[in-house]
Each structure stands twice: as C-alpha cells, then as structure tokens.
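A.B. asks: sequence? don't have it. structure:
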C-alpha cells in the first residue's frame, strides 16, 4: 500500500525562512532530508524527517512525518497533503500521533489513522483508530473502526488549587 500525505501551501513559502507566529496565514513551509518537486503535476514529495509548518488563527501548526506528499493548485497554493509514518501534529497545547494523515487544506480538516491514534493534551489522553481535526475550530473527533471503544483519560487541572 502506498503512503501519502497531501499538503496545500504557497510554493514560494515552502523554501523560506523559519515559520513563526508573525508570518502570514498563507505562509507554509516544508523541510525534509530529501525533496522532489514535479512542476508538470504541481506535486512535491518529501522524505526523511519531513516537517510541514503553517499558521492558523495566529497559532503555529507543525506536522512531522517520515514521508510527505503535497499537491498544489495552478497558483502554487497547497491544496492537500498526505503524511505517512510517525505522524505527529502539534497545534496549540495539543499533540496528535498517528500512522497516516490526510490533510485537506481547502476544508482545513486533517483525518489521521493508525492502530493507536493518540490525542495528547497536558496529561490527558484519548486513544482510537481515526481522529478528525478541524484546524480552524481546534475540535478533534476520535473514532474506532473495530469493536473496541475509544478510550480517554482526563485529569483535572491543578493550577491554583490549594493543597
């Protein structure tokens, strides 16, 4: 089975300086040990510690994977990305770990799958086999495709509590 990760971004931003919260929401950067860009198909393939960075709601989103496949429209805007192998998405105070992730930049939705997809926030954990992330609203939905149930461990916040 072929693994893919689809990413949408501006080509000019893909090879620019480090992305920070001060960058434009349209700036997207891809870094990897190896990268190829097919101009006739408007596609990029990255492998070896591939990292996709972009800004949503003035927050940095970072997607890391072993392999990354990105597709662009004719204007050079990233439309989709497929990440495979050791997928990790960091957004605000949340980390999502999966085996494969398909990111649709037109809808700002990422669907991540694997045997143990994990959503981590502080000490809280949610486990399943498929997570859907709405990037704009920061809403995660976890599902499982077997007879297993989604499992969740939630800890109360301890900030400001008296002992």
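C.D. replies: Sure thing, it's come through. What you are looking at is a predicted structure, and each value in this text was computed from that prediction instead of being measured.
A.B. asks: quick one, helices of the chain?
C.D. replies: With DSSP state H as the definition, the chain shows helices at residue ranges 11-14.
A.B. asks: pLDDT weak spots in it?
C.D. replies: Counting by pLDDT under 70, the chain has low-confidence residues at 1-26, 159-163.
A.B. asks: now the strands: where do they sit in it?
C.D. replies: 5-7, 28-31, 34-38, 43-56, 59-72, 78-91, 94-104, 109-121, 124-134, 139-143, 151-153 (DSSP state E).
A.B. asks: Point out the other helices and strands that the last one packs with.
C.D. replies: Contacts defined by 3 or more CB pairs under 8 Å, 6 or more residues apart in numbering; DSSP states H and E place strand 151-153 against strand 124-134. The C-beta positions use only the backbone N, C-alpha and C, and glycine is treated the same way.
A.B. asks: Now with 10 Å, please.
C.D. replies: strand 109-121, strand 124-134 (3 or more CB pairs under 10 Å, 6 or more residues apart in numbering; DSSP states H and E).
A.B. asks: Residue 39 is nearest to which of the ones you listed?
C.D. replies: strand 109-121 (26.3 Å; CB to CB).
A.B. asks: Return the distance of that closest one from the chain's centre.
C.D. replies: If you compare the mean C-alpha spot of strand 109-121 with that of the full chain, they lie 10 Å apart, counting by CA atoms, centre = their mean, to the nearest Å.
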